[in-house]
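[1] Sequence unavailable; structure follows:
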């Protein structure tokens, strides 16, 4: 590992936060990885490498119809575009907080997290800084400048983001406060949609990844290793939480495969992508042997699976892996 990369990691992550992440990763890796399923993914390849020394650790991604990927570079506070051929271009850098983000809960550095893309190309991004002037939901229109459209609590860590286009509503997980927020795409004051106990952390990060699927909000809990389903009931309110899968240490963000409730999930600490069946059973389908370096999220376009890796603890090769989902 190059010295400058290691130095960048130590500077970007506070010692306490890095220790917590490494501990979580170690605990998660103690359990042996389950055997890979019968090759549901094939042809895994690294489509793009990112610059760790510049803080280019991809935390989340959203796809355009032509296969372009839009990613958040966590420690660089950036929104970037990755072309189908792998060329990367930074679209915007969010303002640095006056304290450098040292007050950001748990992690101790300012970071960009969730990202979604609307049909008109507008990007919505979450930013956590530990300061009230910057933490919240940001919007980037094509060719424009980033603008904060909703403030979120500086004492929280906005993380997962999902768009419900029919109601033009954005849902946001707060990994520290154990809350799912709702905000209109036009911006405004967030509403706490759910603060169910199943969303709470056990000391590090709780509610994390987020998707809207078949009339429900689905979320992961990193600390508890669970996948949760919360129905959207009459009046847009949150229904009763149901745990749909367990035993997934370090689970980050995820995506539905298009086959009912089947899920592909990124397990950050263990360095795996796991296929979760509707009955909650799961098996590893990509591992570090395929190039994973702390995978953070998943996206699908047709049968192409996109997996960004942030290299938070491996500190080797943040990258973007493509694979094919087999019939």
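    Perfect, I can see it now. Fair warning: this is a prediction, and the values are worked out from it, not measured in the lab.
[2] From here on, just use CA atoms for contacts and neighbour counts.
    Noted.
[3] In the stretch 1-150 of the chain, where is pLDDT below threshold?
    1-39 (pLDDT under 70).
[4] Please, where are all the helices along it?
    Using DSSP state H, counting those that start in this stretch, the helices of the stretch 1-150 of the chain run over residues 3-12, 15-30.
[5] Dihedrals phi and psi, the residue in the chain sticking out farthest from the centre?
    With CA atoms, centre = their mean as the measure, the chain has its most outlying C-alpha, relative to the mean C-alpha position, at residue 234: 28.4 Å. Its backbone dihedrals place residue 234 at phi -50, psi 130, with angles given as degrees, to the nearest 10.
[6] ok, it to residue 307 distance?
    Applying CA to CA, to the nearest Å, one obtains 35 Å for the distance of residue 234 from residue 307.
[7] What of residue 118?
    For residue 118, the distance to residue 307 equals 20 Å [CA to CA].
[8] Repeat that for residue 53.
    Applying CA to CA to residue 53 and residue 307 gives a distance of 21 Å.
[9] Which one's more surrounded, the two?
    Between residue 53 and residue 307, counting by other CA atoms under 10 Å, residue 307 is the more crowded of the two (30 against 17).
[10] Buried residues in the stretch of helix or strand the more buried one belongs to, which are they?
    Element membership of residue 307 [criterion: DSSP states H and E] is strand 304-309. Across strand 304-309, burial judged by 16 or more other CA atoms under 10 Å covers 304, 305, 306, 307, 308, 309.
[11] what's the answer for stretch 167-184, then?
    The neighbour-count criterion (16+ other CA under 10 Å) identifies 169-184 as the buried residues of stretch 167-184.
[12] Distance from it to the middle of the chain?
    Using CA atoms, centre = their mean, to the nearest Å, the distance from the centre of stretch 167-184 to the centre of the chain it belongs to is 14 Å.
[13] Kindly report the same for stretch 108-126.
    Its chain's C-alpha centre lies 10 Å from the corresponding centre of stretch 108-126 when counted by CA atoms, centre = their mean.
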